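Q: Provided below for reference: sequence and predicted model.
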Amino acid sequence: MMKKGLMSVVLFGLTWLFFSGPCTGADFKSAELQRKAEEIASLRIKLAEKIERAEDMRGKLAELMDGYVAEIRHERNRWQVASYRHAIGNPRIAYDLQLLQQLEAYITELDNRIVYFRRAGEVLEHYFRQINDDLMMIRTLDDFAVDQLISKINDALDEYVPAAIKKTVLVSDLPLTDPEILWQEVAAPAGD
């Protein structure tokens, strides 16, 4: 993903060099589009890094969840726990259910953020390509069309730059699944 983004930047730079000609009134708009392309390229790299870190964290948390599910099932069989009421009476099972509750919420939010970051990358890729196309045709575009594109790009950057900077998931905002529902899912025989 990151190589693709860097390749786009290189291709854009070569296109820019090829199509840039003598200084004209369109040079100002071209320079502005070039700056926006650089901003987009930088942001796409940051988003790709965030996706990679989030996917790595998601995988680690899923492994932890699997371990806690196995431990709950082991304790359920060991102590012949058949109901949720008895399960929460077992300190190990009750604690593991709380951990599952938190892990599930965190993984769900990570999944949502990964989808958001991927969509942001797609939107930015679209604008990056549009900049490239517009730079090739800059001499025929009127200022209004370039201004519209720059406005759309600014809106996208205003939305996605803060997302690339802040924490991927805020633990305090996570909705938690009812532990009884988690118990029912975990207590079901393996393979169901």
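A: Great, that's in hand.
Q: quick one: the helices in this structure?
A: Along the chain, the segments classed as helices by DSSP state H run 2-19, 27-79, 84-89, 91-136, 143-165, 179-187.
Q: So which of those is nearest Ser172?
A: Checking the helices of the chain against Ser172 by Cβ to Cβ gives helix 91-136 as the closest, at 10.9 Å. (Glycine included, C-beta is placed from N, CA and C.)
Q: Report the distance from that closest one to the chain centre.
A: Offset of helix 91-136 from its chain centre (Cα atoms, centre = their mean, to the nearest Å): 3 Å.
Q: same thing with stretch 135-155?
A: 28 Å.
Q: Would you mark the buried spots in that stretch?
A: Leu135, Ile138, Leu141, Val146, Leu149, Ile150, Ile153 (16 or more other Cβ atoms under 10 Å).
Q: in the protein, what secondary structure element scores lowest on mean pLDDT?
A: None of the helices or strands of the chain scores lower by mean pLDDT, DSSP states H and E than helix 2-19, at a mean of 55.
Q: sorry, back to before: single out whichever of the buried residues of stretch 135-155 has the smallest pLDDT.
A: Note: of the buried residues of stretch 135-155, the lowest pLDDT belongs to Leu141, at 64.
Q: Stretch 159-172: how far from the chain's middle?
A: The mean C-alpha position of stretch 159-172 is separated from the chain mean by 9 Å, Cα atoms, centre = their mean.
Q: average pLDDT across that stretch?
A: pLDDT averaged over stretch 159-172 gives 86.
Q: which residues make contact with that stretch from outside it?
A: 43, 46-47, 50, 53-54, 57, 102, 106, 109-110, 113, 116-117, 120, 123-124 (Cβ atoms under 8 Å, 6 or more residues apart in numbering).
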